[in-house]
Structure formats: C-alpha cells, structure tokens
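> here is my input; please provide its structure:
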Amino acid sequence: MTDLIGKTVPAPAAIRPASDSVKVVKALLRKPLAVISLLFLALVLFASLFPSVVAPDNPLAANVSAALEGPSRAHLLGTDELGRDVLSRLIYGGRPMIIASIEATVLALLLGTVGGMAAGYFRGRLDRTIGWVVDVVLSIPVMIVLLVVLTINSTDLTRAMVALGVLTSAVPLRVVRSVTLEARSNGYIAAARVAGLPHRRILVRHVLPRVYGPLIVQGALAGSVALMMVTGLAFLGLGVNPPNPTWGSMVSDAAQVMQQDSWLLVPTGGIVTLTVLCLGLFADAFRDVLAERASMSSPVSRSAAAASAAVAAEAAQAAADRAAFRPPRPDAVLSVRGLTIARRSHSGSVILVDGVNFDVMRGEILGIVGESGSGKTLTARAILNLLAPGLEVAAGEVLLDGTSLVNLSRRRLTGVRRNLVSFVAQDPSQSLDPSFSIGSTLREALKWRENLTGGAATSRAVELLRSVRLPNAEQLLHYYPYQVSGGMAQRVAIARALAGNPKLLVADEPTTALDVTVQSEILALLRSLRDDTGMAILFITHNWGAVADLCDRAAVMYAGEVVELGSVGELFARTLHPYTSALLRSSPYFSKPGQELRAIRGSVPHPTEWTQGCRFQDRCDFATDTCKQGAIALRENADNRAVRCIRAEELAQAGA
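Residues are numbered from 1 along each chain as shown. Alright, predicted model coming up:
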C-alpha cells in the first residue's frame with residue numbers, strides 16, 4: 001500500500017481487515033484434512049460428554065444369546081462377549097478417557113506456558129532454576145509414577161492426571177521458552193518495555209500470541225500422550241469401576257476373545273488410533289495456518305563483582321575518566337558518567353563500551369555519531385536497560401531527570417520508562433507488533449502511560465497521529481503496520497513514543513531504513529516535536545548530514561569511547577580530534593563534486609584488539625609514541641568542548 005499522505009483514504013469499513021479469528025477459520029476451512037479431523041474430534045467430544053443423547057442402547061445391558069455378533073442393523077459395531085452393544089459402550093467409555101486426557105493436557109500446557117514464558121523472558125537465575133527442574137522431571141519414568149499414585153486409590157484418575165500433567169509439562173515448557181527467547185529479541189518488545197508497560201502485559205499481549213502455534217502442536221502431542229496413558233491404565237483395570245466401560249478396558253476385553261472374534265479389536269483400538277491421528281492432523285493444519293499468516297504479515301543493573309581483572313582495570317579507568325569530566329549538571333535531563341559495558345563469558349569478560357560521559361539538556365538534541373562498532377547503540381540500550389543477555393553495566397552512573405538508574409528495581413524502572421523516557425527503534429517494521437492495528441498499539445501505550453481507555457484513548461491516539469503529521473488519522477487507526485509505508489510506520493512509532501509526554505526521546509538511527517526524502521521528513525518532524533514539546537532527544541546515527549540538519553551538540557564515539565564532544569557548529573568549524581576530522585573528510589555530505597573522498601584506512605578494532613593508549617593511533621596520521629603510553633581521559637576545554645587526545649591543543653594551534 002502506498003503512502004497515504006496527500007491522498008484520499010477509503011472509508012474504514014471498506015478497508016478494515018477481517019478479524020484474526022475469522023481469517024484463521026477461513027484458512028482452516030480450505031484444508032480438507034483439518035476439516036475432517038475437526039469434525040471427527042467434535043463428534044467424539046460431543047458423544048463422550050453427552051453419551052445419553054447419542055448412544056442407541058444401555059451400555060450395561062447384557063444379552064448372552066447375542067454375544068460376539070458382528071456389525072448389524074441392530075448393533076452397528078456388533079456385540080461383545082456378553083452381548084452388550086459395542087457402539088454404546090464406546091460412547092459411554094469415551095467420557096472418562098476424554099475428561100482425564102483434557103485434565104492432564106490443560107495442566108501440562110498451563111505449567112509449560114507459564115514456566116516457559118517466565119524462563120525465556122526473565123532469563124537469569126529463574127531460567128537456570130526452571131531448566132534444572134525440567135531436567136529432573138524428564139528423568140522420571142511417567143508410567144511408574146502413575147502406577148504408584150493409583151495404588152492409593154485405583155479408581156481416582158484425577159490424582160493420576162495431575163501427576164501426568166506435571167510430568168509431561170517439561171516438553172511444552174522447553175518449546176515455549178525457545179519461542180519466548182526469539183520473541184523477546186524483537187524490536188517491538190523492547191519498545192513496549194521502554195514505553196513502561198508492565199511485564200505481565202507484555203507477556204500476555206505481545207509474547208503469548210507468538211506461542212499459540214507451537215502450543216497447539218504441543219497440546220495435540222500432550223493430549224495424545226495423555227489419551228494413550230489413560231487407555232493403558234484402563235487396560236490394566238485401573239482408573240474406573242467395572243463394569244463401567246472405558247476404551248482401555250474394552251481393548252482388554254477384546255484381546256481376551258481375540259481367538260474367537262478378532263473384530264472387537266477394530267472398533268475398540270480404532271477409536272483410540274483415529275482420535276490420536278486427528279489430533280495430530282488438526283494441530284499441524286492449525287500451526288501451518290498461523291505460520292502462513294505470519295509470513296504474509298510481516299533495570300540497569302551493575303554486576304556485583306567484575307568477572308575478570310581486565311574488567312576491574314577498565315572500571316577503575318572509567319572512574320578516573322569520570323573524575324576528569326565535570327560532575328552531572330542538575331539541569332540536565334540525562335547525565336551519563338563513566339558508563340562501562342562488559343560482555344561476560346566463561347573465559348572472562350570483555351569491555352565493549354568504556355567510560356562514556358555526556359549530558360543531554362532540556363530541549364536539546366544530542367547526536368552520537370561514529371562508525372559501526374563504535375558502541376553507539378550499546379550506550380543507548382544500556383541507558384534504557386535493554387542490553388542483551390550476557391552484557392552488563394560494569395561501572396558508571398546514569399541519571400535520568402535526577403533519578404539514578406543504576407541498581408534500580410524493576411518496578412521503579414517501569415515507572416521511569418512510563419513517565420520519563422521513550423524509544424524509537426531503527427526499523428519501524430520491527431518496532432510495531434504486526435498482530436495489532438495501529439489504533440490498538442497506540443491505545444495500549446496510552447493506557448499505561450496516560451491512564452486513558454475507551455473513547456478518551458482513541459481521541460488521544462488521533463491527536464498523536466496528527467502531531468506527527470499523519471493525515472486521515474481516524475482511518476489510520478484501523479490499519480496494521482504492514483499496510484502502511486515505512487515512513488508512515490516510523491511516524492506511528494514516534495507517535496507512540498510521545499504518549500505520556502516523555503522528557504527524553506532515544507532515537508536509534510530512526511532514518512536508516514528509509515529513503516532520502518522520507519529521512520528528511522522524519523528529521524524535520526523530530527525537530528518540530530522538540531520545538532513544540534521541549535523534550536530532549538538522544539539521536540544515534542552514523543550520518544553526518546543528519547547531525548548537521550538536526551542536532552545541537554554531538555558526541556563522537558570510537559572503539560567504545562567518546563573521543564570528542566561539542567556543539568555541531570564548532571565541530572564542523574574546527575575539529576579537535578583526528579578521528580572527527582577524518583570522519584568529516586570521508587563524508588560525501590561535505591565534499592565537493594568531483595573531489596575524491598579520503599576514506600579512513602583500516603576499520604574500528606574489535607574490543608579484544610584495543611591498543612594501549614589512544615585506540616585510534618593505528619589509523620591516525622598524527623600518532624606519536626606518546627599516544628601509546630597509558631589511557632587517555634576525556635577532558636573538557638574552557639569553551640565547554642571535550643576531547644580525548646593528548647595532542648589536541650598542539651594540533652589545533654598548528655592548524656592540522
């Protein structure tokens with residue numbers, strides 16, 4: 001669908017997509033095996049739950065003179081060794097089998113879903129503990145446990161099914177955990193966390209829908225296992241009071257007279273086989289439908305102790321670096337001092353971001369610029385507590401509107417996100433959940449950030465869409481993210497970020513996935529929003545043109561460090577660090593037509609290859625032996641500029 005700007009939009013009723021449930025049902029009806037399986041399962045379920053309505057005879061009425069008769073008009077499936085109607089006994093015998101299987105399956109899925117989502121979403125110690133419990137459960141022989149439980153009361157199937165549900169929950173738990181881990185890495189999950197949504201809301205609304213497909217398959221498998229287990233127990237004479245029929249006891253009776261009449265094994269064993277088969281076929285069809293639809297739509301914590309001597313040394317250097325920089329300013333929305341990020345592993349830890357210092361003032365747009373691998377995005381994610389598993393804040397201080405985010409509890413961090421900070425990701429298609437309409441996404445954010453529901457939330461959502469220069473806002477509420485262009489999706493993401501009137505907006509390369517024209521529109525939009533609302537913006541980019549067009553000040557990062565900090569005008573007029581100068585010379589935005597670009601030789605070193613002293617020395621035209629001696633701190637000059645270069649003043653005076 002093309003961009004709606006400047007165009008007439010059809011009425012919502014004409015273009016609003018059908019509901020998800022209707023689409024799933026229609027897709028299932030186009031699959032013959034799914035329809036046949038569903039009809040059979042529905043028939044079995046209805047007959048088992050309401051046997052008196054369906055059964056033609058009394059299942060206990062015996063007629064020895066008609067024993068072991070084959071199928072006839074009087075007895076469609078024949079009679080057993082006592083002359084009882086086999087069809088009626090199958091119908092009545094299915095009730096305890098189906099109810100017991102449902103009990104075990106529901107319990108297994110409930111435990112597996114809750115445990116798997118908790119382990120995959122929260123990770124850490126909870127994940128390890130649940131994993132240990134699952135390993136123990138998988139090592140327990142299921143049938144032996146069931147036999148032990150039934151020795152207490154051989155007719156109490158409920159207790160046995162509780163035990164079966166607990167023991168079979170390990171497999172769906174592992175599947176749900178893996179799906180949750182994948183869903184947790186999506187951009188819209190990070191955006192929801194930054195928006196201040198409670199974890200329970202994120203899990204139910206944004207993670208649980210991703211679990212439905214695999215959960216249906218696991219439910220079919222768990223149901224099949226439960227049915228086979230219950231049938232096996234009934235075959236052994238456990239779980240029911242004779243002469244009441246069950247499928248298992250009927251198979252046992254048929255096996256005893258197999259030499260006289262082998263037909264009895266066909267209906268008794270066949271009903272179990274067909275039920276298990278239809279469960280699997282329907283679950284596979286349901287999973288395929290969900291997969292097809294998915295393909296079409298497309299707290300900041302500090303480690304208690306450093307994991308290695310290298311991390312401890314770098315943390316000490318970060319503290320010294322922080323001391324060389326000015327203390328946090330009381331009028332700053334965001335103050336970062338000595339921020340150090342490490343990656344933990346079994347072999348030790350590696351510093352990825354080292355001693356970052358900067359402030360973002362009220363109403364100011366601060367750009368963080370540098371090559372890929374410089375640590376820009378990691379710095380932003382550390383501020384928002386969105387670091388990937390295995391990464392940690394090893395040292396430093398982060399103050400947001402005077403509130404320290406270091407060691408902040410999860411509940412307080414959620415409150416900070418809800419009221420103070422918002423996030424706009426790089427790719428709008430990843431930051432908006434494709435399962436929900438734009439209106440639903442905005443209303444969700446407004447519910448948790450502004451406590452608005454119903455008509456008030458809808459009106460506010462329309463207001464937000466208009467504030468980001470989107471026309472036809474009322475109709476746009478009914479669209480899904482895949483129905484709008486990339487530029488419109490990014491505007492929607494920005495509109496959601498504006499919910500709650502945050503004081504700080506963190507924009508992580510919000511124009512990279514867009515074309516040049518739309519990039520210019522998004523930059524102009526951010527600038528006008530800053531002017532209208534007075535919020536501060538932390539703008540992550542590698543684009544010097546965007547820095548020149550949008551930002552008031554800029555921090556230049558290289559190899560995990562801020563190497564220069566100052567106003568954009570001063571940076572362009574007179575750079576102090578050789579890396580800043582080299583970046584500007586290599587940018588096509590500031591070159592003359594026909595002039596050859598002077599690319600910087602080499603590339604940003606891997607964190608394990610950082611050199612002693614200046615990390616830019618191997619690529620610098622002005623490096624000397626003194627640049628290799630000891631760590632270099634970020635120091636401020638008299639004109640409120642900061643630079644990490646021991647030759648900065650010398651090179652500036654020489655006009656280098």
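> so Leu49 touches Arg95, yeah?
Yes. Leu49 lies in contact with Arg95 (CB atoms under 8 Å); the separation is 6.7 Å. (Glycine included, C-beta is placed from N, CA and C.)
> the more surrounded of the two?
Ranked by neighbour count (other CB atoms under 10 Å), Leu49 and Arg95 place Arg95 first, with 17 against 13.
> what about the helix or strand containing the more buried one, distance to the chain center?
Remark: Arg95 resides in helix 86-122, with elements defined by DSSP states H and E. Helix 86-122 sits 27 Å away from the centroid of its parent chain (CA atoms, centre = their mean, to the nearest Å).
> now for Glu609, how many residues are close by?
10.
> kindly report the same for the one 5 residues further on.
By the other CB under 10 Å criterion, the neighbourhood of Cys614 contains 28 residues.
> which ones are touching the nearest residue in space to it that is not next to it in sequence?
Distances taken as CB to CB, 6 or more residues apart in numbering put Cys627 closest to Cys614, at 4.3 Å, once the chain neighbours are dropped. Cys627 makes contact with 613-614, 617, 620, 646-647, according to CB atoms under 8 Å, 6 or more residues apart in numbering.
> and if you look at Ile152?
Arg159.
> same check, this time on the one 5 residues further on
With contacts taken as CB under 8 Å, 6+ apart, Leu157 has the following neighbours: 96, 100, 230, 233, 239-240.
> now those residues in CSV, with neighbour count, pLDDT and distance to Ala631?
Output for the contacts of Leu157, formatted as CSV (neighbours: other CB atoms under 10 Å; pLDDT from 0 to 100; distance: CB to CB, whole Å):
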residue, neighbour count, pLDDT, distance to Ala631
Pro96, 23, 88, 74
Ala100, 25, 90, 69
Val230, 30, 89, 69
Leu233, 26, 87, 70
Gly239, 27, 75, 73
Val240, 21, 75, 77
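> what would those look like in TSV with distance to Trp448?
Listed next are the contacts of Leu157 as TSV, based on distance: CB to CB, whole Å:
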residue	distance to Trp448
Pro96	46
Ala100	41
Val230	44
Leu233	48
Gly239	48
Val240	51
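> quick one: list the elements packing against whichever strand or helix holds Asp531.
Here Asp531 sits within helix 516-533, counting by DSSP H and E. Of the remaining helices and strands, those touching helix 516-533 by 3 or more CB pairs under 8 Å, 6 or more residues apart in numbering; DSSP states H and E are strand 365-369, helix 486-498, strand 504-508, strand 536-541, helix 544-550.
> could you list the buried residues of it?
Buried residues in helix 516-533, counted by 16 or more other CB atoms under 10 Å: 518-519, 521-523, 525-526, 529-530.
> which residues of the stretch 551-656 of the chain fall in helices?
568-573, 578-585, 648-653 (DSSP state H, counting those that start in this stretch).
> buried sites along the longest one?
Right, the one you point to is helix 578-585. 578-584.
> next one: stretch 620-638
620, 623, 627, 631-634.
> then stretch 180-187?
Here stretch 180-187 shows 180-181, 183-184, 186-187 as buried, counting by 16+ other CB under 10 Å.
> same thing with stretch 113-127?
Here stretch 113-127 shows 113, 115-123, 127 as buried, counting by 16+ other CB under 10 Å.
> any idea how the chain splits into domains?
Using automatic domain parsing, the domains assigned to the chain come out as 45-296, 309-366+382-416, 421-501.
> most tightly packed of those?
Counting by mean count of other CB atoms under 10 Å, domain 421-501 has the highest mean neighbour count of the domains of the chain, with a mean of 21.
> I'd like the average pLDDT over that domain.
For domain 421-501, mean pLDDT is 88.
> how long is it end to end?
Start-to-end span of domain 421-501 (CA to CA, to the nearest Å) is 9 Å.
> and the residue nearest the centre of this protein?
Nearest to the mean C-alpha position of the chain, by CA atoms, centre = their mean, lies Arg184 at 2.3 Å.
> what pLDDT is listed against that one?
On the pLDDT scale, Arg184 gets 83.
> Ala312 too?
Predicted confidence (pLDDT) for Ala312: 56.
> could you do the one 3 residues further on as well?
Each residue has a pLDDT score; the one for Ala315 is 55.
> what does Thr533 give?
pLDDT, read off for Thr533, is 88.
> list the contacts for it?
With CB under 8 Å, 6+ apart, Thr533 has these contacts: 498, 501.
> what does stretch 646-655 rub up against?
By CB under 8 Å, 6+ apart, stretch 646-655 touches 574, 576-578, 614, 622, 624, 626-627, 632, 645.
> I figured Val176 was touching Gly120, is that so?
Yes. Between Val176 and Gly120 there is a contact at 7.0 Å, judged by CB under 8 Å.
> who touches both of these two?
Counting by CB under 8 Å, 6+ apart, nothing touches both Val176 and Gly120.
> measure the spatially closest residue to Pro428 that is not a sequence neighbour to Ser422 for me?
Leaving aside its sequence neighbours, Pro428 sits nearest to Ala489 (CB to CB, 6+ apart; 3.6 Å). Ala489 is 16 Å from Ser422, where distance means CB to CB, to the nearest Å.
> likewise Thr512?
19 Å.
> check what pLDDT the residue nearest to Cys614 gets.
The model's pLDDT for Cys627 equals 86.
> ok, now which ones touch Met228?
So, once contact is read as CB under 8 Å, 6+ apart, Met228 ends up touching 272, 276.
> redo that, cut-off 10 Å
Shown in contact with Met228 (CB atoms under 10 Å, 6 or more residues apart in numbering): 101, 248, 272-273, 275-276.
> beyond the one helix or strand it maps to, next helix or strand please.
Assigning secondary structure by DSSP H and E places Met228 in helix 208-235. Next helix or strand after helix 208-235 toward the C-terminus (DSSP H and E): helix 247-256.
> CA atoms only for that next one, dumped as CSV, please.
The C-alpha coordinates for helix 247-256 follow below in CSV (Å, rounded to 0.1, in the frame of the first residue of the first chain):
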residue,chain,number,x,y,z
TRP,A,247,-11.8,-47.6,25.8
GLY,A,248,-8.8,-49.3,27.6
SER,A,249,-11.0,-51.9,29.3
MET,A,250,-12.8,-52.6,26.1
VAL,A,251,-9.4,-53.2,24.3
SER,A,252,-8.5,-55.6,27.2
ASP,A,253,-11.8,-57.5,26.8
ALA,A,254,-11.3,-57.7,23.0
ALA,A,255,-7.8,-59.1,23.5
GLN,A,256,-9.2,-61.9,25.7
